[in-house]
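1. Need coordinates for the below:
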Amino acid sequence: MELVGEKIKLTKISINDLDFICRIECDKDLWYFEEYVYSDKNEVHEEYMNKIGEETPTSYDFIVTMNTDKSQTPIGLAQIWSDNEYRKSWEIGFAILPEYWGNGFGSAAAKLLLQFAFEKLDAHKVLGMCNSNNTRSAVLMENLNMRREAVFKEELFWKNKWVDQFYFSILEREYFDRK
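-> Numbers count the residues shown, from 1 in each chain. The predicted model follows:
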């Protein structure tokens, strides 16, 4: 499965992507604003092998590549997972390697995830959350017309202190009204 935009392509992960996924998931610098980062590549490998083998997926994981790169070098990871099946809500997440920051690739990946959620997964609501100190992620979600609905006070234990977490969302009707 591929999702193609103007700048990037999202390709559903395969066994061939596991080395890249293990590297990216265990990169403490890349996940600087997260309260937990994997340290065991074997644990990541096992988790993603299970995801690849799912018959009825509750999450979709994609490798991000640039459309202009013929070698299709991975530059990030984009994910969407079911937050609540009954309510038809999905959560998005993404990470772009630092050397590719500032080029709109994170925004492009998130746009493709929203399109996939509303046009293929029949989502009613898509949400995204971020550490309140992660201003780049917060601005990106606001630029996607996601509304900051809540601030979860002292939700994350990050850098040995409690910090707030922002909760963003967009509804199906809002997505299609703005499209």
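2. Give the rounded mean pLDDT of the lengthiest helix in the chain.
-> The longest helix of the chain (DSSP state H) is helix 105-119. Helix 105-119 shows a mean pLDDT of 96.
3. what residues does it touch?
-> 3-8, 10, 60, 62, 64, 66, 75-76, 78-80, 90, 92, 94, 96, 123, 126, 128, 140-141, 143-144, 170, 172, 175-176 (C-beta atoms under 8 Å, 6 or more residues apart in numbering). In short, each C-beta sits where N, CA and C put it, glycine included.
4. and if you look at stretch 35-50?
-> With C-beta under 8 Å, 6+ apart as the criterion, stretch 35-50 contacts 13, 15, 18, 21-23, 25-28, 31, 61, 131, 156-158.
5. For this protein, give me the ranges with low pLDDT.
-> 179 (pLDDT under 70).
6. switch the cut-off to 90
-> Across the chain, residues meeting the criterion (pLDDT under 90) sit at 1, 30, 37, 47, 50-58, 68-72, 83-87, 178-179.
7. Strands of that one, start to end?
-> 2-4, 8-12, 59-66, 76-84, 89-96, 125-131, 147-158, 161-171 (DSSP state E).
8. Just send those back as TSV, with mean neighbour count and distance to residue 39 too.
-> Converted to TSV, the strands of the chain look like this (neighbours: other C-beta atoms under 10 Å; distance: least, C-beta to C-beta, whole Å):
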stretch	mean neighbour count	distance to residue 39
strand 2-4	14	30
strand 8-12	21	26
strand 59-66	21	20
strand 76-84	20	17
strand 89-96	22	16
strand 125-131	22	19
strand 147-158	14	16
strand 161-171	18	21
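9. Need those in a markdown table (columns: distance to residue 118).
-> Putting those into a markdown table (distance: least, C-beta to C-beta, whole Å) gives the following:
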| stretch | distance to residue 118 |
| --- | --- |
| strand 2-4 | 12 |
| strand 8-12 | 15 |
| strand 59-66 | 14 |
| strand 76-84 | 11 |
| strand 89-96 | 9 |
| strand 125-131 | 7 |
| strand 147-158 | 15 |
| strand 161-171 | 9 |
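10. distance of residue 14 from residue 172?
-> 30 Å (C-beta to C-beta, to the nearest Å).
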